[in-house]
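# Coordinates for the following, if possible.
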Amino acid sequence: QVHLVESGGGSVQADDSLRLSCTASGEAYDLYALGWFRQAPGREREFVAAIYWSRSGTFYADSVKGRFTIAKDETKNVVYLEMNNLEPADTAVYYCAGHAGGFYYYSASQTYNYWGQGTQVTVST
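This is a model prediction of the structure:
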């Protein structure tokens, strides 16, 4: 089992920055990849970014490419999501997700095995 905990959410103004963290505990050595998803009120959960855990490789949604950066610190079992030039459309609950087995496709939420509880990000004009 892998336990994921997000932190770093908050309320900011448009064009501000935030950094989210996702800390993995438990059997984190089983992780193959970690991703960030978000869900705004009344909308479906959507892919934001993903990163391989033990090799190089990152993926981004078109809506955040160039503004968000996903990075990892394997020594601390932490994945970060650096969010710059935030827009009101980025307002959502952000979830960290981990894949540790089975079929995997980075943007498919159903292929992730573990989920955090989410952290709220609110961007106002």
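# all strands of the protein, in order?
With DSSP state E as the criterion, the chain has strands at 2-7, 10-13, 18-26, 33-39, 46-52, 58-60, 68-73, 78-83, 92-99, 114-115, 119-124.
# what's the closest of those strands to residue 107?
Residue 107 lies closest to strand 46-52 among those, at 3.9 Å (C-beta to C-beta). All C-beta spots, glycine's among them, are computed from the backbone N, C-alpha and C.
# so how far is the closest one from its chain's centroid?
The chain centre lies 6 Å from the centre of strand 46-52; the measure is C-alpha atoms, centre = their mean, to the nearest Å.
# do stretch 90-109 as well
Relative to its chain's centre, stretch 90-109 lies at 7 Å (C-alpha atoms, centre = their mean).
# Could you give me the buried positions within that stretch?
Within stretch 90-109, the residues scored as buried using 16 or more other C-beta atoms under 10 Å are 90-100, 104, 106, 109.
# Of all pairs in those, which one spans the longest distance?
Those two in the buried residues of stretch 90-109 that are separated most widely, counting by C-beta to C-beta, are 91 and 100, at 29.8 Å.
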